[in-house]
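# need a structure here:
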Amino acid sequence: MLSWLDQALQYRSVSVMSDEPLCIATLLGLDISQVLKHSNHDDRMEEMWTLISEKFGGIPAGVAFFEDNTFTFSRMEMGSSQPSTER
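Numbering: from 1, shown residues only. Below you'll find the model as predicted:
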């Protein structure tokens, strides 16, 4: 499911970055009211990943990294063919 979403987002963009997690959450059928409780992009992305984990029974190993003693999650960015990371 997440690989399909990553491919679908390659050619799309948002004008307001904090809306990106809302769009992704909507496409995955997640509860966007939980994402809307946060106002900035990073907090919304964190909530989105939490909801993905709850819905799909965890986060696939391919999107979780451990760097500098911190867990880092791959971000599925709109308009990007390469995933970036977010702490």
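
# so where is this protein shaky, pLDDT-wise?
1, 61-87 (pLDDT under 70).

# Show the residue spans covered by the strands in it.
64-67, 70-75, 84-86 (DSSP state E).

# Enumerate the positions of the longest helix anywhere in the chain that are buried.
Under DSSP state H, the helix in the chain containing the largest number of residues is helix 41-56. Of all the residues in helix 41-56, those buried under the rule 16 or more other C-beta atoms under 10 Å are His41, Arg44, Met45, Glu46, Glu47, Met48, Trp49, Leu51, Ile52. From N, CA and C alone the C-beta is placed, and that goes for glycine too.

# With distance to Ser3 as extra columns, can I get these in CSV?
What follows is those, written out as CSV (distance: C-beta to C-beta, whole Å):
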residue, distance to Ser3
His41, 23
Arg44, 22
Met45, 18
Glu46, 21
Glu47, 22
Met48, 17
Trp49, 16
Leu51, 18
Ile52, 13
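
# Out of those, flag the one nearest to Gln7.
Ile52 (16.4 Å; C-beta to C-beta).

# Correct me if wrong: the closest one contacts Ile59.
Yes - using C-beta atoms under 8 Å as the test, Ile52 is close enough to Ile59 to be in contact (6.5 Å).
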